[in-house]
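> Here is a sequence with its predicted model. Questions after.
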Amino acid sequence: HETIVSGKLFNRGERVCVAASGGKDSTVLAEMMTTLNRRHDYGLDLVLLSIDEGISGYRDDSLETVKRNKDQYQLPLTILSYSDLYGWTMDEIVRHIGKTNNCTFCGVFRRQALDRGAMMVKADKIVTGHNADDVAETVLLNILRGDVARLQRCTQVVTGADGAIPRSKPFKYTYEKEIVMYAHFKKLDYFSTECIYSPHAFRGYAREFLKALERSAPVAILHLIRGGEKCVGVQSTVRLPTQGTCDRCGYISSQRLCKACVLLDDLSARKERQRGVIAYDA
């Protein structure tokens, strides 16, 4: 509540999409938003939005949890799939590219899918369950990549204010362990299995380092976030890309084609090359 009020995340009468995956973070977020909206009379119209990436044995099971959450919190639910939006599922993508770079595809597609879903239900804002551990991991990743532009905005509680639909992170200062304990003691219904492709993600290395750091200094997570916040404005001379729209799909982009369309072109090219190899072998 303090983060919501101090950050002025919402205005009365707004329709807010709760990004729901069925996991602990999004389930606690849905429960907390429903409770606080009622307790403090925010006057928000809350809806659940889920993205089906097409990961067999993972997302299909977690969506069943989201459907139960829909009934438990009495919130309308919209589900969008990669297959409908892009013509590919993550299982198909992994079969073509392997497991070394699949999280890049999924992250780009999911980000755009959430925006498209929110626009479809005429939402004013999106709220996500990213917690303090997630934000600290992102700070680490952007430091490792030397990505000044993203380091400048990854610690902001509200992002995308100049984009399609603003996103906010009410759990920005909430430890992952606090969310787990809350879900446990409130006996919330959530899906706890990790994505079958995430062990191969680069983020996993940052997560392992962060956990080791936290064991010796529990406050390290908040220190990383605070450090990231202090970086905002330091690189004021860095020229950020100018936002426009994708020539093909109309989504926001600083280039002629958005990142999703570029990745889709790459997938199509890989598919054609594989067809050529198969035809040659035959």
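Structure received.
> Could you use CA atoms for every contact and neighbour count after this?
Noted.
> export the longest helix along the chain as CSV, just CAs?
Here the longest helix in the chain is taken by residue count, with DSSP state H as the criterion, and it is helix 259-281. Presented in CSV, the C-alpha positions along helix 259-281 are these (Å, rounded to 0.1, in the frame of the first residue of the first chain):
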residue,chain,number,x,y,z
LYS,A,259,12.2,-6.6,-31.9
ALA,A,260,9.4,-9.1,-32.1
CYS,A,261,9.2,-8.8,-35.9
VAL,A,262,13.0,-9.0,-36.2
LEU,A,263,12.9,-12.3,-34.2
LEU,A,264,10.0,-13.6,-36.2
ASP,A,265,12.0,-13.0,-39.4
ASP,A,266,14.9,-14.8,-37.9
LEU,A,267,12.7,-17.8,-37.0
SER,A,268,11.2,-17.9,-40.6
ALA,A,269,14.7,-17.8,-42.1
ARG,A,270,15.9,-20.6,-39.8
LYS,A,271,12.9,-22.6,-40.8
GLU,A,272,13.5,-22.1,-44.5
ARG,A,273,17.2,-23.1,-44.1
GLN,A,274,16.2,-26.3,-42.2
ARG,A,275,13.8,-27.1,-45.0
GLY,A,276,16.5,-26.7,-47.5
VAL,A,277,18.9,-29.0,-45.6
ILE,A,278,16.2,-31.6,-45.3
ALA,A,279,15.3,-31.4,-49.0
TYR,A,280,19.1,-31.6,-49.9
ASP,A,281,19.5,-34.7,-47.7
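> List the contacts of that helix.
Applying Cα atoms under 8 Å, 6 or more residues apart in numbering, the set of residues contacting helix 259-281 from outside is 86, 93, 96-97, 105, 108-109, 112, 248-249, 253.
> So which of the residues you listed belong to strands?
Using DSSP state E to define strands, the subset of the contacts of helix 259-281 located there is Ser253.
> Most neighbours of all the contacts of helix 259-281, which one?
Across the contacts of helix 259-281, neighbour numbers were computed from other Cα atoms under 10 Å; Phe109 holds the maximum, 22 neighbours.
> ok, that one - contacts?
Taking Cα under 8 Å, 6+ apart as the definition, contacts of Phe109 comprise 82, 260.
> if I look at it, how far off is Lys125?
If you measure Phe109 against Lys125 using Cα to Cα, to the nearest Å, the figure is 19 Å.
> now swap in Ala201 and tell me
28 Å.
> And the two? Which one has more around it.
Set side by side, Ala201 and Lys125 show more neighbours around Lys125, with 25 against 15, by other Cα under 10 Å.
> pLDDT score assigned to the more buried one?
Listed pLDDT for Lys125 reads 96.
> Who is it paired with across the strands?
Partner residues in beta bridges with Lys125, using DSSP bridges, are Val16.
> quick one: contacts for it?
When contacts are taken as Cα under 8 Å, 6+ apart, Lys125 is in contact with 14-17, 118, 165-168.
> So which of these wins on neighbours?
Neighbours here mean other Cα under 10 Å. Within the contacts of Lys125, the largest count is held by Cys17, at 30 neighbours.
> Show which residues not belonging to the helix or strand hosting Val18 make contact with it.
When elements are assigned from DSSP states H and E, Val18 belongs to strand 15-19. With Cα under 8 Å, 6+ apart as the test, strand 15-19 has contacts from 26, 29-30, 44-50, 114, 118, 122-129.
> After that strand, heading C-terminal, what element do we hit next?
Of the helices and strands lying after strand 15-19 in sequence (DSSP H and E), the nearest is helix 24-39.
> What are the buried residues along that following helix?
When neighbours are counted by 16 or more other Cα atoms under 10 Å, the buried residues of helix 24-39 are found to be 24-31, 33-34, 37.
> Which stretches in the chain count as strands?
According to DSSP E, the strands that the chain contains are 15-19, 45-52, 77-81, 125-127, 158-159, 167-168, 244-245, 252-253.
> could you dump the ones you listed to CSV with distance to Leu264?
Shown next, in CSV, are those (distance: least, Cα to Cα, whole Å):
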stretch, distance to Leu264
strand 15-19, 24
strand 45-52, 17
strand 77-81, 15
strand 125-127, 25
strand 158-159, 25
strand 167-168, 25
strand 244-245, 17
strand 252-253, 15
